[in-house]
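**Q** this is a predicted model, with the sequence first.
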Amino acid sequence: MGSLNKKSLFEKQVIKMEKIIVNEEGDYVFVKEMSAKERAWYESQIIHYGTDDNGKMKVTQTMDRYKTKLAISTICDSKGVLLFTMDDMDLIETLNGNLIQEVIEVASRLNKMDEKALETEVKNSEAAPGGASSSDSV
């Protein structure tokens, strides 16, 4: 254990994954921790920046299909390769609701997300000068 350099950081990082059983036969998929790029994409789908009629910075959060978008961003194979894209949104929404709820719960835990965290992200974005997020997320 020690300080990592650039190369060793990428070699030693571990993306957490958790197996989700999808049926009585024991078939499964994985739910994973998002990369910085995946998380930025997900956040761009639910947090929108703009200006109000007075030109003041306005940050809005939409929960429209957020569970489906989170599933797209986290359901993967055993190597961490995502199984779905935005083109699969309607398809994902035909899956068993209890399965999707389990995916959301696991994804939220692995990615340290909950409704309060999302609200905080929006508030931080509103408070940051120039509309930039004050968080360290990419």
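**A** Here it is on my side, so go on.

**Q** so where's the protein uncertain?
**A** Within the chain, the stretches with pLDDT under 70 are 115-138.

**Q** all helices for it, in order.
**A** Ranges of helices in the chain, per DSSP state H, are 6-12, 36-46, 66-74, 89-92, 97-110, 115-127.

**Q** for the longest one, name the packing helices and strands.
**A** If I follow you right, that is helix 97-110. Under the contact criterion of 3 or more CB pairs under 8 Å, 6 or more residues apart in numbering; DSSP states H and E, helix 97-110 touches strand 17-21, strand 28-32, helix 66-74. Using the backbone N, CA and C atoms, a C-beta is placed for each residue, glycine as well.

**Q** ranking the ones you listed by burial, who's on top?
**A** For the helices and strands packed on helix 97-110, the largest average neighbour count (mean count of other CB atoms under 10 Å) is found in helix 66-74, namely a mean of 21.

**Q** what residues does that helix touch?
**A** For helix 66-74, the external contacting residues (CB atoms under 8 Å, 6 or more residues apart in numbering) are 31-34, 38-39, 41-42, 45-46, 82, 84-86, 88-89, 92-93, 100-101, 103-104, 106-108, 110-111, 113.

**Q** buried only: go through the residues you listed for me.
**A** Among the contacts of helix 66-74, the ones that count as buried by 16 or more other CB atoms under 10 Å are 31-34, 38-39, 42, 45-46, 84, 92, 100, 103-104, 106-108, 110-111, 113.

**Q** C-alpha coordinates for stretch 30-49, CSV please?
**A** C-alpha atoms of stretch 30-49 as CSV (Å, rounded to 0.1, in the frame of the first residue of the first chain):
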residue,chain,number,x,y,z
PHE,A,30,-24.0,-7.5,-13.1
VAL,A,31,-24.5,-4.0,-11.9
LYS,A,32,-21.4,-1.9,-11.7
GLU,A,33,-19.9,1.3,-10.3
MET,A,34,-19.9,3.9,-13.1
SER,A,35,-16.7,5.3,-14.6
ALA,A,36,-16.4,9.1,-14.5
LYS,A,37,-17.5,9.3,-18.1
GLU,A,38,-20.5,7.1,-17.5
ARG,A,39,-21.5,9.1,-14.5
ALA,A,40,-21.2,12.4,-16.4
TRP,A,41,-23.4,11.0,-19.1
TYR,A,42,-26.0,9.9,-16.6
GLU,A,43,-26.0,13.2,-14.8
SER,A,44,-26.3,15.0,-18.1
GLN,A,45,-29.5,13.1,-18.6
ILE,A,46,-31.1,14.2,-15.4
ILE,A,47,-29.6,17.6,-14.6
HIS,A,48,-30.1,20.5,-17.1
TYR,A,49,-28.4,23.9,-17.1
